[in-house]
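J.: heads up, no residue letters with this:
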Ligand SMILES: [Mg+2]
């Protein structure tokens with residue numbers, strides 16, 4: 001049973017800040033969640049606060065775990081997942097805090113079964129193709145970044161953050177990448193709601209000939225009429241991400257025509273709710289993109305383990321490489337990206353392993 005839940009705030013700087021339409025990230029001011037059972041098993045998860053998306057901060061994650069969730073969960077058997085979620089559901093919002101507790105518990109479940117989380121969930125494959133997320137920058141800097149990632153890691157799928165004004169800056173970046181790196185590269189864009197519906201339609205028209213695999217949250221889903229017009233009139237799958245952060249919201253978004261593809265982020269739906277979204281999408285023939293919540297290696301390991309479990313989540317490149325922009329990481333056994341692919345860990349659990357010296361150095365609660 002759950003004996004202890006620790007929420008440890010820490011901070012690691014980014015070597016290369018990521019800028020996008022709804023904010024920017026220059027440091028990982030995250031919370032490491034560590035659950036210990038009465039027989040000494042430990043489950044780990046990384047909680048990245050994203051105030052501009054979910055309203056959570058490092059402080060709010062600490063408070064909701066320490067004051068509300070942990071006291072209610074101590075003593076609950078780890079295998080009683082439905083009971084755990086009954087408790088978590090009593091608190092509205094706080095997606096990332098809930099997801100971290102869920103991931104840590106699945107880590108323990110897989111360790112108890114002495115198997116990988118991927119094998120426990122579905123065991124489809126042992127690796128995922130990597131898509132790297134590229135933030136706002138001048139065209140020349142973006143091309144240099146893409147060249148570097150191609151040379152060092154063989155990455156050949158890129159999500160470009162767009163949604164700037166003047167919009168021609170973004171159009172130019174996308175066209176330049178296609179021109180320089182050829183037709184083989186998987187290219188897609190994420191507007192983080194930066195444009196309105198008309199601007200989004202203008203960009204889709206302007207980029208018609210560069211074969212975008214997806215477009216994501218170009219305008220706010222709250223522009224109901226405008227959003228549906230875009231989704232209906234483009235043949236490019238339109239990904240819902242921050243406008244559909246829960247299984248219920250995904251169901252509604254698809255029914256309402258707010259999107260035609262879905263981003264799953266384990267950092268916000270953990271394993272349990274990611275499974276529900278996978279079930280919904282795979283049953284209905286909806287493309288799934290594994291999104292990046294600007295995750296550390298610990299967070300990315302959870303995404304890789306989940307994604308590799310199923311055909312539908314391993315079909316398309318997964319956004320699991322943005323930890324490369326960080327100066328350091330708590331993960332003791334680094335993720336290796338070789339020829340554009342990242343492998344699951346073969347250790348029981350999902351592969352999170354914390355370097356104790358680094359945790360000691362970066363934690364903020366000493
Ligand atoms: Mg997104």
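T.: Thanks, I have it. The model shown is predicted, which means the values in this text are computed figures rather than measured ones.

J.: CA atoms for contacts and neighbours, from now on please.
T.: Noted.

J.: hmm, residue 104 is touching residue 33, no?
T.: Yes. Residue 104 is in contact with residue 33 according to CA atoms under 8 Å; the separation is 7.2 Å.

J.: identify the contacts common to the two.
T.: 44, 45 (CA atoms under 8 Å, 6 or more residues apart in numbering).

J.: neighbour count winner among these two?
T.: Regarding residue 104 and residue 33, a neighbour count based on other CA atoms under 10 Å identifies residue 104 as having more, with 28 against 23.

J.: now do the SS call for the more buried one.
T.: Here residue 104 is recorded as helix under DSSP: H, G, I helix; E, B strand; the rest coil.

J.: quick check: what element follows the helix-or-strand element of the chain with minimal mean pLDDT along the chain?
T.: In the chain, no helix or strand scores lower on mean pLDDT, DSSP states H and E than helix 51-54, which sits at a mean of 89. Proceeding N to C from helix 51-54, the next assigned helix or strand is helix 58-63, under DSSP states H and E.

J.: need the contact partners of that following helix.
T.: With contact meaning CA under 8 Å, 6+ apart, helix 58-63 is reached by 7, 8, 9, 29, 30, 31, 47, 48, 49, 94, 96, 97.

J.: ok but residue 32 is inside a strand, no?
T.: Yes. Judged by three-state DSSP, residue 32 forms part of a strand.

J.: now intersect the contacts of helix 58-63 with the helices, please.
T.: Using DSSP state H to define helices, the subset of those located there is 96, 97.

J.: could I get the contacts of helix 58-63 as TSV with distance to residue 322?
T.: Listed next are the contacts of helix 58-63 as TSV, based on distance: CA to CA, whole Å:
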residue	distance to residue 322
7	23
8	22
9	20
29	15
30	15
31	18
47	15
48	13
49	16
94	23
96	18
97	21
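
J.: can you flag the buried ones in the contacts of helix 58-63?
T.: 7, 8, 9, 29, 30, 31, 47, 48, 49, 94, 96, 97 (16 or more other CA atoms under 10 Å).

J.: dump those into CSV; add pLDDT as well.
T.: Converted to CSV, the buried ones among the contacts of helix 58-63 look like this (pLDDT from 0 to 100):
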residue, pLDDT
7, 98
8, 98
9, 98
29, 97
30, 98
31, 98
47, 98
48, 98
49, 96
94, 97
96, 98
97, 98
